[in-house]
Structure formats: structure tokens, C-alpha cells
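Peer 1: pasted the sequence and its predicted model underneath.
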Amino acid sequence: MPALTALAGTATAVFSAAVVVVPSALLRPCGLDDDRSTRALVRMVCARDVVLGVALATAPAGRLRRRAVAGRVVADLTDAAALAMALQGRQRRGLVSASAAVWGLVCLTAGVLDERAGR
């Protein structure tokens with residue numbers, strides 16, 4: 001069975017790569033305007049997330065994997081906080097912010113479970 005962190009990293013990398021190609025897949029649920037500036041911002045963040053996902057998916061067990069998990073978790077929780085602030089007054093604020101936090105918590109849980117299982 002592959003490490004859970006590899007599965008979580010692959011899922012985040014694939015999702016983020018899809019959003020790089022089609023930014024409206026994230027802009028629409030956020031309730032943000034689909035214009036040149038917001039597409040560029042979403043692509044920038046998702047390109048970072050592709051790299052973090054690949055790092056998480058390919059890092060060997062031990063210190064490197066723990067660092068990849070930490071990077072992913074910090075990025076996602078920072079995104080959640082930034083989205084909560086940026087979307088104040090918007091109907092989907094909580095859902096969008098929570099979804100960013102959930103990605104981080106999934107990766108953290110995968111990392112903890114892999115450590116405990118010795119994977």
C-alpha cells in the first residue's frame with residue numbers, strides 16, 4: 001500500500017494542476033470575478049500547490065517527508081486564513097476557507113498516520 005502522504009500529495013498536485021489550467025474551477029466556487037488578475041493569482045497559488053503536492057508525493061519517509069507535510073499544512077492554513085479575510089461579507093466565505101484548511105488537515109493526518117505505521 002502506498003504511503004497516505006503520497007496519495008494526499010498526488011491528489012493535491014492533480015487538483016492544483018487542473019486549476020492552473022482552468023482557474024474558473026476555483027474562482028467560481030469562491031464567488032470571485034473571473035478576470036485576468038484573479039486568474040493570475042489563482043494560477044500562482046496553484047502552481048505552488050503543484051510543487052508542494054509533488055514534494056509530498058515523492059518525499060521518502062523521515063525528515064524530508066515531515067518537512068513536505070509541514071510545508072503543505074502551513075500553505076493550506078495560510079490560504080484558509082487569507083481567504084477568510086479576503087471573502088468577508090461573501091456568502092461562501094466559510095465553505096471556501098474551510099476547504100483550504102481541510103486540504104491541510106488531510107495532509108497532516110496522512111503524515112501522522114504514515115509516521116505511526118512506519119511507512
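Peer 2: Received it, and whenever you're ready, just let me know what you need.
Peer 1: show me what the worst-scoring helix or strand of the chain on mean pLDDT packs onto, helices and strands only.
Peer 2: Among the helical and strand segments of the chain, the one scoring lowest on mean pLDDT, DSSP states H and E is helix 24-30, with a mean of 89. With contacts defined as 3 or more Cβ pairs under 8 Å, 6 or more residues apart in numbering; DSSP states H and E, the packing partners of helix 24-30 are helix 4-21, helix 36-58, helix 93-117. Placement of C-beta: from N, CA and C, glycine included.
Peer 1: just the buried positions in that helix, please.
Peer 2: Under the neighbour-count criterion of 16 or more other Cβ atoms under 10 Å, helix 24-30 has 26-27, 30 buried.
Peer 1: again with stretch 32-47
Peer 2: For stretch 32-47, burial by neighbour count (16+ other Cβ under 10 Å) applies to 32, 38-39, 42-43, 45-46.
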